[in-house]
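K.L.:
3D model of this:
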Amino acid sequence: MWLLRGLLDRVLLIAAVVAGGLVPGFIAQYRQRLGGRLDQARLDLEPWQKLADQQHHGDLGALVRYHLESSDPTFHAEGGVIASLADTVRQLQSAADALHSSLWQQVLYLARHADPALIRATYADWVPTFALSGEGLMFALVFALGVWLLFQGLWALLTWLAQARPGRRRYA
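P.N.:
Next up, the predicted model:
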């Protein structure tokens with residue numbers, strides 16, 4: 001059993017270092033995909049902003065209110081579309097700003113606020129890259145240490161449970 005534990009221990013530690021080293025590359029590719037969405041949303045909003053510049057002194061909110069106050073159903077619906085597009089740009093910009101921080105903050109941000117569709121799209125086209133930056137290597141080591149400590153704790157718990165099982169014979 002000791003040999004199996006030692007083998008699992010080392011294989012898991014190596015796999016955790018590799019997995020931890022791949023995280024920064026995945027985040028970079030997620031950030032690029034997010035940036036592409038932000039660029040497209042800005043391009044889609046640009047004609048409306050130009051119209052707001054011409055007709056409402058640059059106030060996009062005033063253009064939206066003007067559309068929403070219209071009795072023409074099509075014109076009114078455009079107001080909702082413009083407002084939704086402006087909100088999308090704000091949300092994407094907020095996410096992009098959050099992902100221009102330290103790797104640790106990026107990981108925490110994505111753990112709490114990641115867009116599931118964007119995660120799936122990034123993963124579908126993901127090209128695994130191992131981070132060789134100081135921060136990336138440190139993340140890989142800390143991640144591996146956490147996984148290794150979890151493994152050690154679970155192994156100890158399972159060993160303790162197996163030894164404490166009623167009806168188990170103990171040989172002196």
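
K.L.:
quick check: buried residues in the one helix or strand G80 maps to?
P.N.:
Using DSSP states H and E, G80 falls within helix 73-98. Within helix 73-98, the residues that qualify as buried are E78, G79, I82, A83, L85, A86, T88, V89, L92, A95, A98, counting by 16 or more other C-beta atoms under 10 Å. No exception for glycine: its C-beta is placed from N, CA and C like everyone else's.

K.L.:
quick check: mean pLDDT of that helix?
P.N.:
What helix 73-98 shows for mean pLDDT is 94.

K.L.:
helices and strands around it, which ones?
P.N.:
Contact here means 3 or more C-beta pairs under 8 Å, 6 or more residues apart in numbering; DSSP states H and E; on that basis helix 73-98 packs against helix 2-55, helix 60-68, helix 103-113.

K.L.:
in TSV: the ones you listed, plus distance to M138 and mean neighbour count.
P.N.:
Output for the helices and strands packed on helix 73-98, formatted as TSV (distance: least, C-beta to C-beta, whole Å; neighbours: other C-beta atoms under 10 Å):
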stretch	distance to M138	mean neighbour count
helix 2-55	9	15
helix 60-68	43	17
helix 103-113	8	14
